[in-house]
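A.B. asks: coords please:
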Amino acid sequence: MTLLSTAIVAPAGRLSGRLRVPGDKSISHRYAILAALADGASTIRHFAPGADCRSTLACLCALGVDVKEDPGGAITILGRGFDRWRSPNVPLDAGNSGTTMRLLAGVLAGHAFSSTIVGDSSLSRRPMRRVIAPLESMGARIDSLDGRPPLTIHGGRLHGIAHRPDTPSAQVKSAVLLAGLHAEGTTTLVEPAKTRDHTERALVAFGGTARVDGDAVSVAGGQRLRGQTLTVPGDFSSAAFWLVGAAALPGSRIHVDDVGLNPTRIALVDVLRRFGARVEVTVAGVEAGEPRGAITVEHDRTLALEVGPDEVPALIDELPAIGALAAHGGSVEVRGAAELRVKESDRIATLVAGFRALGIDAEERPDGFAVHGPSNGAPRPAGGVADAHGDHRMAMAFAIAALAADRPCRIEGADAVAISYPGFFDALDELRREGDPG
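C.D. replies: Residues are numbered from 1 along each chain as shown. You can find the predicted model right below:
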């Protein structure tokens, strides 16, 4: 599949259809890393196809881990066990993936060699002090450029710590827990707000243990993991753009099959209901501790929606999609989301600039944004050109917002969707065809 750097998105009256989204990116990263630490072979089906997870696999190969992909897309990883990764001959390239950099930093902190992790221009601007500080407290030494990549990790003997981060982050939590597996004693992280818990569930799936007590998560050092055969559920954060599209466009109905329904990931369901959509969630089963099933969303009404600081940690990846809701009517206000400014782009500034370029009323705030859609018979947004600035979630949010415009819109940097959802624009075309068959 060849992705173009510019996408043209035509207006749509409605979206309709049934689809399955790619494998969950967060889970795929974690399964790959834990499989590489386990004893024996692991097979991971429905592995996320995007560039971010490919960066994790490439780094694992550079660390001496045997990774193979079969024609059906399943990934087989021959684990090397703890403390048996190989010192890399070249810097490890995390590409655009902050998850790759932070999680691998946690594992490499416990290996008795030095390694450097680099990233692309976007990742090289992202702050890493929140992961550097706890890993150094455990006994590693990490060099950086004023707290930003590249990171050179001088690993060695670690000891367990009790860590209380100021800002909730599933990536920082996961890095500390992965380092804790290599440490003497017990490592505990106390979260200021609950974040996604895929690492804890995956550890148990690979034969390890993680103790959860309220907001505290603990792991004991010296655990041994065992290779597994697992299937990754569909990525809820990728599905979010279709769910928002269905909620926003009158007459729309979209059904997403076999998607992950982890309770720490599906806060968007309540948000869409508050906005006025009809949402049906069906849990079909649980594999490796991860609930999975189907979600159906239908448009009903468009209302005013507020997302406050307490909700942001559980919605951080879905906030760009939520902003696109109001392009079609109603309003969305998000507060307490300053974390968006240090993602793949400054997602507050980029989102507001892109929406305004499409003719959508949007306001930038220090820790969030407000978007107001047309109401009371007001004309549709005029349309225009929005620049995703290399950010996959911006490209997808602009595509959903552009469906509301009066004329076709151009999205620059649309090829960024390859980071997480290479088939996004093909799926959009199919949902448009089924929604507007004439």
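
A.B. asks: C-alpha from now on. contacts and neighbour counts both.
C.D. replies: Noted.

A.B. asks: count of neighbours near the residue lying closest to His163 once chain neighbours are set aside?
C.D. replies: Nearest non-adjacent residue to His163, counting by CA to CA, 6 or more residues apart in numbering: Leu189, 4.8 Å away. The number of residues packed near Leu189 is 23, by other CA atoms under 10 Å.

A.B. asks: who's in contact with the nearest residue to Phe424 once chain neighbours are set aside?
C.D. replies: Nearest residue to Phe424 in three dimensions, chain neighbours excluded: Val417, at 6.9 Å (CA to CA, 6+ apart). With contacts defined as CA atoms under 8 Å, 6 or more residues apart in numbering, the neighbours of Val417 are Asp391, His392, Arg393, Ala395, Met396, Phe424.

A.B. asks: recalculate using a threshold of 10 Å.
C.D. replies: 3, 5, 50-51, 388, 390-396, 423-425 (CA atoms under 10 Å, 6 or more residues apart in numbering).

A.B. asks: with Leu403 instead?
C.D. replies: 9-15, 245, 248-249, 324, 327-328, 381, 383, 409, 432.

A.B. asks: swap in 7 Å and give it another go.
C.D. replies: By CA atoms under 7 Å, 6 or more residues apart in numbering, the contact list for Leu403 reads Val9, Ala10, Pro11, Ala12.

A.B. asks: how close does it sit to Leu15?
C.D. replies: With distances taken as CA to CA, to the nearest Å, Leu403 is found 10 Å from Leu15.

A.B. asks: just Ile27 next, same as before
C.D. replies: For Ile27, the distance to Leu15 - CA to CA - is 28 Å.

A.B. asks: the residue nearest to His163 bridge partners, please.
C.D. replies: Per DSSP bridges, the residues bridged to Leu189 are His163, Val217.

A.B. asks: strands along the stretch 151-300 of the chain, start to end?
C.D. replies: Ranges of strands in the stretch 151-300 of the chain, per DSSP state E, counting those that start in this stretch, are 158-159, 162-163, 183-184, 186-190, 211-213, 216-220, 229-231, 253-260, 278-287, 290-298.

A.B. asks: I'd like those strands laid out as JSON lines, including mean pLDDT and distance to Ala62.
C.D. replies: Formatted as JSON lines, the strands of the stretch 151-300 of the chain follow (pLDDT from 0 to 100; distance: least, CA to CA, whole Å):
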{"stretch": "strand 158-159", "mean pLDDT": "98", "distance to Ala62": "23"}
{"stretch": "strand 162-163", "mean pLDDT": "97", "distance to Ala62": "30"}
{"stretch": "strand 183-184", "mean pLDDT": "97", "distance to Ala62": "23"}
{"stretch": "strand 186-190", "mean pLDDT": "98", "distance to Ala62": "28"}
{"stretch": "strand 211-213", "mean pLDDT": "96", "distance to Ala62": "32"}
{"stretch": "strand 216-220", "mean pLDDT": "98", "distance to Ala62": "27"}
{"stretch": "strand 229-231", "mean pLDDT": "98", "distance to Ala62": "23"}
{"stretch": "strand 253-260", "mean pLDDT": "98", "distance to Ala62": "30"}
{"stretch": "strand 278-287", "mean pLDDT": "98", "distance to Ala62": "30"}
{"stretch": "strand 290-298", "mean pLDDT": "98", "distance to Ala62": "29"}
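
A.B. asks: most packed of those?
C.D. replies: strand 253-260 (a mean of 24; mean count of other CA atoms under 10 Å).

A.B. asks: okay, the angle between that one and strand 290-298?
C.D. replies: Taking axes from the mean of the first three to the mean of the last three CA atoms, to 10 degrees, strand 253-260 and strand 290-298 form an angle of 170 degrees between their directions.
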